[in-house]
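J.: Coordinates only, no sequence provided:
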């Protein structure tokens, strides 16, 4: 289970200080999410696409990530245009398609893809360890940082454990169906996964205590701001401010 598909590279975005990435992406995403109308979401999608292109991301992997996100967006297209009040464009029995509903779901689609693209291009091009390190430097709550760190470190282990249990079920001729036996089997699968995860967490914690863990990880290497980090920070700030200006004008 590879969670750092886009962190391998040598583009401009790959070499940026992760602290700058976190500080600039946050306001950028918040402004896009809070935008009304279609102007800012469309402009944001263009700017996010430029960042993704500048990062030199693998197109197939990137499209797969976007496809997974847009599956949920597609559900919105099936309901919102027919339930949002506004000017009628088309009527078929009890269903009424409205202009405002189409515009609303269109803006949601633009916002979603813009934020996902920007997140992958900016944060996805850094290793998770460096992001956790950056959060420590930014004085984020220690417990939150460690939770983020351990989640990444052991999500692959949990996935392997889940795969092992699924294989064991298949070897015993389990075939999922819509019956009570299937529901009980999946409930047992989730229960075993929780129990094994709990036991593993105790073993890991005891191993950490044996190695002198005192509640925090020592930070050895430190980041240093470079010229290209400042340029990127200014660039992202200007784009975010431009979006705010467009919202106020509109």
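T.: That came through fine. Keep in mind that this is a model prediction, so the values were computed, not measured. Numbers count the residues shown, from 1 in each chain.
J.: Can you pull the domain assignment for this structure?
T.: 18-126+223-249, 140-210 (automatic domain parsing).
J.: Next, format these as JSON lines and append distance to residue 12.
T.: C-beta: built from backbone N, CA, C; applies to glycine. Compiled in JSON lines, the domains of the chain are given as follows (distance: least, Cβ to Cβ, whole Å):
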{"stretch": "domain 18-126+223-249", "distance to residue 12": "6"}
{"stretch": "domain 140-210", "distance to residue 12": "24"}
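J.: which of those domains is buried the deepest?
T.: Highest mean neighbour count of those: domain 18-126+223-249, a mean of 16 (counted as mean count of other Cβ atoms under 10 Å).
J.: now the domains of the chain as a markdown table including mean pLDDT and distance to residue 8?
T.: Below are the domains of the chain laid out as a markdown table (pLDDT from 0 to 100; distance: least, Cβ to Cβ, whole Å):
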| stretch | mean pLDDT | distance to residue 8 |
| --- | --- | --- |
| domain 18-126+223-249 | 90 | 9 |
| domain 140-210 | 88 | 16 |
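J.: Helices of this protein, residue ranges please.
T.: Remark: helices assigned in the chain by DSSP state H are 18-34, 39-54, 59-83, 99-122, 128-137, 142-171, 180-210, 227-249.
J.: other SSEs contacting the fourth one?
T.: Think helix 99-122. helix 18-34, helix 39-54, helix 59-83 (3 or more Cβ pairs under 8 Å, 6 or more residues apart in numbering; DSSP states H and E).
J.: Quick check: the gap between the residue of the chain most remote from its centre and residue 85.
T.: Computed with Cα atoms, centre = their mean, the residue of the chain farthest from its C-alpha average is residue 93, at 39.2 Å. Separation of residue 93 from residue 85 (Cβ to Cβ, to the nearest Å) stands at 18 Å.
J.: swap in residue 155?
T.: 42 Å.
J.: if I pick the closest residue to residue 98 other than its chain neighbours, what's in contact with it?
T.: What sits nearest to residue 98 in space, not counting adjacent residues and going by Cβ to Cβ, 6 or more residues apart in numbering, is residue 86, at 3.7 Å. Contacts of residue 86 were listed using Cβ atoms under 8 Å, 6 or more residues apart in numbering, and they are 98-101.
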